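> no FASTA, just this:
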């Protein structure tokens, strides 16, 4: 045991020593990747681009950016363009060629990049030569050493000299081995980017001094190298052995410095890598999966990948997953996924042969959670690496081989679905393997792929001169592919230079062919679109003349499509001419930075929204964000088709706007849909610039509630459009009273959606709360999504266009009920209010059975679903609504009653109790109640009784009702009927103005609250029996009842000739004691 301990101690003494290196040494390459930014330029020196906004990935560096706009990227010195208006110098800080990391931002945003390192004890200086490409000097350096624990060291630089180099620098000392981050970057000055420097970082340099020597990593690397060397039979074993021996010498050298140890470790690591590459083969592949970022989706979901219409999943249905997560795309069984993808670009992959693997599945499920395909194998999904593809069907691991022929080259890998026929797509566990050096056969295989591409282009039709060039290039490649003979094993041998020359020629010819094909493709797309425009507007008289011109232009363009003698200029002119003719018929696109951008921005596919990522219908243009890709997302055509139908329904049936008469801006412009690529929920409709409606949806919102969400938000677009077309700021662009928000936008949008989807009005997530919230004020904020029946009442009274009239004719500061009174009622203010009170009672009465023209038939099956009004009772037989169920202004209770057997007169005694303890008291002297009976007969006939009124000054009233035989339901409806009008205000998301309540109590005779024992007495507790004779006036226009409830006279204006006695008139007992004047 002592021997073992002594040996371990000796090892430790050899591995970690205290011999420092006193001179400064450049140790950058041992710790940082891509520290010089001298490869993989985003913009080479030959480029003249004027870059305004883009964020590029920087190889080896982790971004820490506070904004996702402005500029980062790698620019070669001598770049002839500008980035955010700044220039790039001809050479670097030391006068050398190469490149630099460009940074530009504004508004005090911080743009930083970091790398994690572990440094031994010692003193370090980090140099960051930085050029400012413009005259503005503002910016705070963010150059820092940030230890994982402890105090950071940061640069104190607060500005950068204009169009000059600045050496940014920090120095720090570590007393022990420390892990942390090296950070570069800057924080912009206040204001826009014009106020801040535009920086170019030439390189990041780490200078070490007095570094404590640690040979631990060298020891581990030597062990790995000796194991790799084995018996020395591998290719390049002699070179590996020589480097092993040199590293061992450093390891054994007692006075070795840390830079020497680092260099020995570095050289040994590089040599081992080269040795592995030389010995890799099909049978002995070298794993290169580390070059794929997040290959199994275990790190922050899809980090490192560009994903379209796929998302992470953590269940175990896909049993070939590795780890917790996999990626899937799923639609209902029987539907098709369409387009989806998960792609990643591997940067500067070294020359060689490679194998890509992934576990995947693409099926039409045979049942829930099934991984078995139903029917024939599905099509449209491939594992891809560059131009190489492997079709994906059943669940298994898929493999494809590809070659990188250049010294280093970018290649895109991943899974791609195009018009996929399955409903279920999964992928996980990407693996990359290196198989060895490229061979002549690899060049031949790649050339054959390129030949196939060229032949496909020829088959589609291109210009004659370009076709001749491409044909000649294909012939040259075909000749090269015939080879120079056979080797001893019968394999074709090739002239490598001939293959490479043929490939260069063919790629150039294909580039010309693609450009030519693009000219014809663009023209064909415009022909296809022009035909749609003709279909949209055919038969519209005001378009007749321009349509005829367009149809002539279409025929001309069709002839040009098969004329391969045309030049580029002629084909471009053909497309432009057709576009001009289309524009005379089609609606325009409204371009604004408040919407999707200017016309110039929309023509730039790097913008958030672009014409290239858009699709138009008759009334709409839909833009989608870049995350969906350039192909049309699967749902877009359906969204536009529905949006057009909704547009025409809201315009033609609901009449929110007047179209095809030059009265609406929608005759000129298309409404706009923006489809955002985000997992966050967004669904918002309104408009922009007082011009046109604008709808924004996230990818989950456009299928939400089977289309109701889209219809709702389009409703908002039409609400907004009313004020645009009227050229004013009415259309409830204002908030009434002290409101800061407007509930009627949501209420009406719900109603609009349910007019388009009528089957949903009684079958949705809000229905129960809606019918059980009718005691609230119709403009109560809590009802903003739950008040979509009152509009049907207004339409029942005045026609389907009354809601549109209200939106078009409202004037500030009127709320919707005030607008309704002004449009539909006449008389004094008090008379209008009384009429509104009566109508709000009628609305409540009709809502018991949904007896409104627009909804009557669909509402039949929902009669009785409304919960009974919650009531309390007292010892005298009176019932009162609880505070939670008490009526507010214009709200109503519908108290279900027992249906008496046979025909019978029922009575109710109501006592208003404004100001009662336990209820909200507000404007109590303005209290009022309307009440009356409603009966539903078994044949579906509704019977509405008289309306009685109680007020604060006259709170006690008696009302009778002749309940017919064969009734199935009986209700008493009580509504809030104030004697003065005031608005209900929405003050903020958290509060509204005081919600007045009108408590009351009711007692029933010859019936009772549903489920309670009937009170079979007749009313006798009212004390105000009035005696009538020839000295006073009898009530007029009332039904007259005997005390036992029988109708004596209906709607009489006279009680002349009635025998002396006691009667019930207008809910009161009256006594006829003599002759009565009419």
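Received the coordinates, thanks. Predicted model, so just to flag it, every value in this text is computed and none were measured. Numbering: from 1, shown residues only.
> ok, the spatially closest residue to residue 496 that is not a sequence neighbour - contacts?
Using Cβ to Cβ, 6 or more residues apart in numbering and skipping the chain neighbours, the partner closest in space to residue 496 is residue 440 (5.6 Å). To be clear about C-beta, it is placed using only N, CA and C from the backbone, and glycine gets the same treatment. For residue 440, the contact set (Cβ atoms under 8 Å, 6 or more residues apart in numbering) comprises 493-494, 496, 499.
> in ChimeraX, select just the buried ones from the residues you listed.
Those of the contacts of residue 440 that count as buried under 16 or more other Cβ atoms under 10 Å are selected in ChimeraX with:
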select :494,499
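> so which of the contacts of residue 440 comes closest to residue 415?
residue 499 (30.6 Å; Cβ to Cβ).
> so the closest one, which of the three states?
helix (DSSP: H, G, I helix; E, B strand; the rest coil).
> can you start the count at 154 instead of 1 from here on
Got it, first residue is 154 now, which makes that one residue 652.
> for it, give its distance to residue 591.
Per Cβ to Cβ, to the nearest Å, residue 652 is found 11 Å from residue 591.
> residues touching the spatially most central residue of the chain, list them.
Taking Cα atoms, centre = their mean, the centroid of the chain lies closest to residue 851, which sits 1.8 Å from it. Taking Cβ under 8 Å, 6+ apart, we find residue 851 in contact with 828-829, 831-836.
> go on, residue 886?
Applying Cβ under 8 Å, 6+ apart, the residues near residue 886 are 873, 876.
> and stretch 1150-1169, what's buried?
Those would be 1150-1162, 1167-1168, for stretch 1150-1169 by 16+ other Cβ under 10 Å.
> which of the contacts of residue 851 count as buried?
828-829, 836.
> among those residues, which lie within strands?
Among those, the ones falling in strands (DSSP state E) are 828-829, 836.
> strands of the stretch 804-953 of the chain, start to end?
For the stretch 804-953 of the chain, applying DSSP state E, counting those that start in this stretch gives strands covering 824-829, 836-841, 845-851.
> got the angle between the last one and strand 824-829?
Interaxial angle, strand 845-851 versus strand 824-829 (axes from the mean of the first three to the mean of the last three Cα atoms, to 10 degrees): 20 degrees.
> right, and the helix or strand after the helix or strand hosting residue 267?
Using DSSP states H and E, residue 267 sits within strand 263-272. Using DSSP H and E, the helix or strand that directly follows strand 263-272 along the chain is strand 275-285.
> so where is the stretch 504-653 of the chain shaky, pLDDT-wise?
Regions of the stretch 504-653 of the chain meeting the criterion pLDDT under 70 are absent.
> roughly how far out does stretch 464-480 sit from the chain middle?
The chain centre lies 24 Å from the centre of stretch 464-480; the measure is Cα atoms, centre = their mean, to the nearest Å.
> ugh, wrong one, stretch 1063-1079
On Cα atoms, centre = their mean, the centre of stretch 1063-1079 falls 48 Å from the chain's centre.
> how many residues are close by residue 920?
Residue 920 has 17 neighbours, counted by other Cβ atoms under 10 Å.
> whoops, I mixed them up, residue 476
11.
> and what of residue 821?
Using other Cβ under 10 Å, residue 821 has 12 neighbouring residues.
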